[in-house]
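1. task: produce atomic coordinates for the following.
(one chain, ligands or ions: 1)
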Amino acid sequence: MNQKGCPEKEVLALLENAMKKDTSYEKVLSAMCTQPHPIAVKAHMQFIASNMGDFGLFQGTKELEEKVIKMMGCMLGDDNACGYITTGGTESNIQALRTARNMDNKKHPNMIVPDSAHFSFDKIADLLGIEIRKAQLDAEFKVDEDSVAEQIDKNTIALVGIAGSTEFGQIDPIDRLAKLAISNDLFLHVDAAFGGFVIPFLDKKYDFDFSVKGVTSITADPHKMGMSTIPAGGLLFREEECLLPLEIDTPYLTIRKQHSLAGTRSGASVAGAYAVMKHLGMDGYKKIVKRCMEMTDRLVEGTRELGIEPLIEPVMNIVVLDVPDLDEVRKKLRAKGWVTSITRNPKAMRLLLMPHLGDEIIKLFISDLGDCIRSK
Ligand SMILES: *Cc1c(COP(=O)(O)O)cnc(C)c1O
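-> Numbering: from 1, shown residues only. Alright, predicted model coming up:
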């Protein structure tokens, strides 16, 4: 650190320079996060000093958190769900599986996740000492329930289903996983980190949330399609008793117990999530999702005209395209400012149609993609 303090003006100039190196969302088609809603930003700034690690001092923020959980519970099929605002999908998934492990005292526990599971489950395996078993996917990249069933044994503590897979935006057959979970007396966690704020607003209805008997917990992130500020994840349980294995005594705080993985944690993101959810309401999110799905349709139409097919008909605002000479095409697109991403298996181009994009930019992308393919 510099010995003498640096004047504010100079510090701000340094920040300005750093920000220039950051990529603005304008041509980013790879991100699951987006420009937060302005009201979330306002609320975030207003509550910038609030610490939910010691919520006894921040009763107002604590009430906001309870309201956010209530709103999310309503959105996900159970008004009485309980939980808390995490730092994101990773923390939510860790905590859900930690609950499952601690409720089910097994010496060598294992969990069965779809092969499409987010890499946070590999972290979980390492952190929590739970063996990870990956179940095969079917031709549409949904988990194959027979492959799940085959791997269940006496040491299995949990099944995981994904509602909105990171790579394909696909929704696993949660109702069928729930039947397996019930008949084997297992915890069923649904990872809807991305899909939680998308699936409830799609025209087509899917059984993926607490309305399905047998679903124990759900991850859904306000900081992805919830339009809230980072870091805001959501972890919801159907039963209050699921919070007990996470409880820890906190003798020197103004509260006696804590359930979060993080100690000090942002009340600002709680306020941000509350503000944007209250402001948009179900109708507001429906509009946003509708717009993203229209952009998705437009993109697929345009790429089909170029002779490029999606690997599956998009279920949500994620498109996976079978692009020839993928690496080369992506490099050329990058030179034109576009940020795209890939799926692992099979390797293909993965694009997210997030709220920060618009019709004009999609048109431009299709045209640039066409140029990059033709200029091989
Ligand atoms: C993004 C994502 C996560 C991880 O969420 P973070 O907020 O990045 O920790 C977990 N699961 C799925 C399905 C995701 O898409």
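2. select the longest strand from this protein.
-> Counting by DSSP state E, the longest strand found in the chain is strand 156-162.
3. in terms of secondary structure, what does the following helix or strand past that one contact?
-> Sequence-wise, the next helix or strand downstream of strand 156-162 (DSSP states H and E) is helix 174-183. On a contact count with 3 or more C-beta pairs under 8 Å, 6 or more residues apart in numbering; DSSP states H and E, helix 174-183 meets helix 145-151, strand 156-162, strand 187-191. Every residue, glycine included, has its C-beta placed from N, CA and C.
4. how distant is helix 174-183 from the center of its chain?
-> 22 Å (C-alpha atoms, centre = their mean, to the nearest Å).
5. what are the buried residues along stretch 274-289?
-> Residues of stretch 274-289 classed as buried under the neighbour-count rule (16 or more other C-beta atoms under 10 Å) are 274-277, 280, 284-285, 288-289.
6. how about these in TSV, adding distance to D175?
-> Shown next, in TSV, are these (distance: C-beta to C-beta, whole Å):
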residue	distance to D175
Y274	31
A275	34
V276	30
M277	27
L280	28
G284	28
Y285	23
I288	27
V289	22
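7. columns pLDDT, secondary structure and distance to N345 on top of these, output as TSV?
-> As requested, the buried residues of stretch 274-289 are exported to TSV (pLDDT from 0 to 100; DSSP: H, G, I helix; E, B strand; the rest coil; distance: C-beta to C-beta, whole Å):
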residue	pLDDT	secondary structure	distance to N345
Y274	98	helix	39
A275	98	helix	39
V276	98	helix	35
M277	98	helix	35
L280	98	helix	36
G284	98	helix	36
Y285	98	helix	31
I288	98	helix	30
V289	98	helix	28
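8. closest to R304 out of the helices and strands packed on helix 174-183?
-> The closest approach between R304 and any of the helices and strands packed on helix 174-183, judged by C-beta to C-beta, belongs to strand 156-162 at 26.8 Å.
9. quick one, helices of the chain?
-> Taking DSSP state H to define them, one finds helices in the chain at 8-21, 38-46, 59-75, 89-103, 120-128, 145-151, 174-183, 267-305, 326-335, 359-374.
10. so which of those helices comes closest to N110?
-> So among the helices of the chain, helix 145-151 is nearest, using C-beta to C-beta, at 7.9 Å.
11. buried ones in the closest one, by neighbour count?
-> Those would be 145, 147-149, 151, for helix 145-151 by 16+ other C-beta under 10 Å.
12. of these, which fall within the contact range of the ligand?
-> With C-beta under 6 Å from any ligand atom as the criterion, those include none near the ligand.
13. closest to the ligand among those residues?
-> If you rank those by distance to the ligand using C-beta to the nearest ligand atom, V148 comes first, at 17.0 Å.
14. name the nearest residue to that closest one, ignoring sequence neighbours.
-> Residue nearest to V148 in three dimensions, not counting chain neighbours: A135, with 4.4 Å by C-beta to C-beta, 6 or more residues apart in numbering.
15. read off the pLDDT value for K376.
-> pLDDT recorded at K376 is 64.
16. can I get the helices of the chain in JSON lines including distance to S260?
-> Conversion of those to JSON lines gives the following (distance: least, C-beta to C-beta, whole Å):
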{"stretch": "helix 8-21", "distance to S260": "30"}
{"stretch": "helix 38-46", "distance to S260": "18"}
{"stretch": "helix 59-75", "distance to S260": "10"}
{"stretch": "helix 89-103", "distance to S260": "8"}
{"stretch": "helix 120-128", "distance to S260": "15"}
{"stretch": "helix 145-151", "distance to S260": "30"}
{"stretch": "helix 174-183", "distance to S260": "26"}
{"stretch": "helix 267-305", "distance to S260": "11"}
{"stretch": "helix 326-335", "distance to S260": "38"}
{"stretch": "helix 359-374", "distance to S260": "38"}
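17. ranking the ones you listed by burial, who's on top?
-> helix 89-103 (a mean of 23; mean count of other C-beta atoms under 10 Å).
18. what about that one, distance to the chain center?
-> 15 Å.
19. what do you get for stretch 345-356?
-> 14 Å.
20. can that stretch be found next to the ligand?
-> No - using C-beta under 6 Å from any ligand atom, stretch 345-356 stays clear of the ligand, with a minimum separation of 10.1 Å.
21. and that stretch, what's its mean pLDDT?
-> 97.
22. and the contacts of it?
-> When contacts are defined by C-beta atoms under 8 Å, 6 or more residues apart in numbering, stretch 345-356 is touched by residues 25-26, 28-35, 115, 167, 225, 227, 288, 291-293, 295-296, 299, 311, 317-323, 326, 329-330, 340-343, 362.
23. now the two most distant members of the buried residues of helix 145-151.
-> Spanning the widest gap among the buried residues of helix 145-151 are E145 and Q151, at 11.0 Å by C-beta to C-beta.
24. ok, what's across the strand from Q258?
-> I248 (DSSP bridges).
25. ok, it - contacts?
-> So Q258 contacts 53, 247-248, 250 (C-beta under 8 Å, 6+ apart).
26. a markdown table please, covering these and showing neighbour count.
-> Compiled in a markdown table, these are given as follows (neighbours: other C-beta atoms under 10 Å):
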| residue | neighbour count |
| --- | --- |
| G53 | 17 |
| E247 | 11 |
| I248 | 10 |
| T250 | 15 |
